[in-house]
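**Q** One predicted model, sequence on top.
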Amino acid sequence: MEAIKELQPRHTDWSSVPVEQLEPGIKRQMIVGGSLMICRLHFEPNIVTPAHDHPHEQMTLVEQGRVLFTIGDEQQIARAGDVLHFPPGTWHGATMLDEEVILVDIFSPIRDDFLS
């Protein structure tokens, strides 16, 4: 995890951010600021993230691939370039379709559960 020691402007290239293997088929990179964080996730095809909710506001940018998102009791396909917004407490999950997927998640406040 790339953590900000002091709140100073900076420029970071994803290639310099450590990659964490979360489980088979899922890798994550993180940059943490003062009150928000950004996570870049790489998923192999057909990986499913179980539906869940959390008290954090989340925005997700689909950088690459196609994803079937569950949002509440609805489902929709998002593609590269799409942005999704999940207010705090929103029930959501994702199923990667038939190709590699890269998602960029932005959370506020910081997800302390990701930092352990």
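**A** Yes, it's here.
**Q** helices or strands up against the host helix or strand of Met30?
**A** Using DSSP states H and E, Met30 falls within strand 26-32. Counting by 3 or more C-beta pairs under 8 Å, 6 or more residues apart in numbering; DSSP states H and E, the packing neighbours recorded for strand 26-32 are strand 2-3, strand 20-23, strand 37-43. The way it works is simple: take the backbone N, C-alpha and C, and place the C-beta from them, glycine included.
**Q** Phe86 versus the closest residue to Gly89 other than its chain neighbours, what's the distance?
**A** Distance criterion C-beta to C-beta, 6 or more residues apart in numbering; nearest residue to Gly89, sequence neighbours excluded, is Asp53 at 5.3 Å. Computed as C-beta to C-beta, to the nearest Å, the Asp53 to Phe86 distance reads 8 Å.
**Q** Need the overlap of contacts for these two.
**A** Residues touching both Asp53 and Phe86 (C-beta atoms under 8 Å, 6 or more residues apart in numbering) are His92.
**Q** okay, these two: which has more neighbours?
**A** Just comparing Asp53 and Phe86: by other C-beta atoms under 10 Å the higher neighbour count belongs to Phe86, 20 against 14.
**Q** What are the contacting residues of the strand or helix carrying Gly93?
**A** With elements taken from DSSP H and E, the one containing Gly93 is strand 92-96. Strand 92-96 is touched from outside by 43-53, 58, 65-72, 86, 103, with contacts defined as C-beta under 8 Å, 6+ apart.
**Q** Could you give me the buried positions within the strand holding Met30?
**A** Neighbour-count burial for strand 26-32 flags Arg28, Gln29, Met30, Ile31, Val32 (criterion: 16 or more other C-beta atoms under 10 Å).
**Q** now do the same end-to-end measure for stretch 10-26.
**A** 27 Å (C-alpha to C-alpha, to the nearest Å).
**Q** what's the answer for stretch 11-22, then?
**A** End-to-end distance for stretch 11-22, by C-alpha to C-alpha: 25 Å.
**Q** State the mean pLDDT of that stretch.
**A** Stretch 11-22 carries an average pLDDT of 96.
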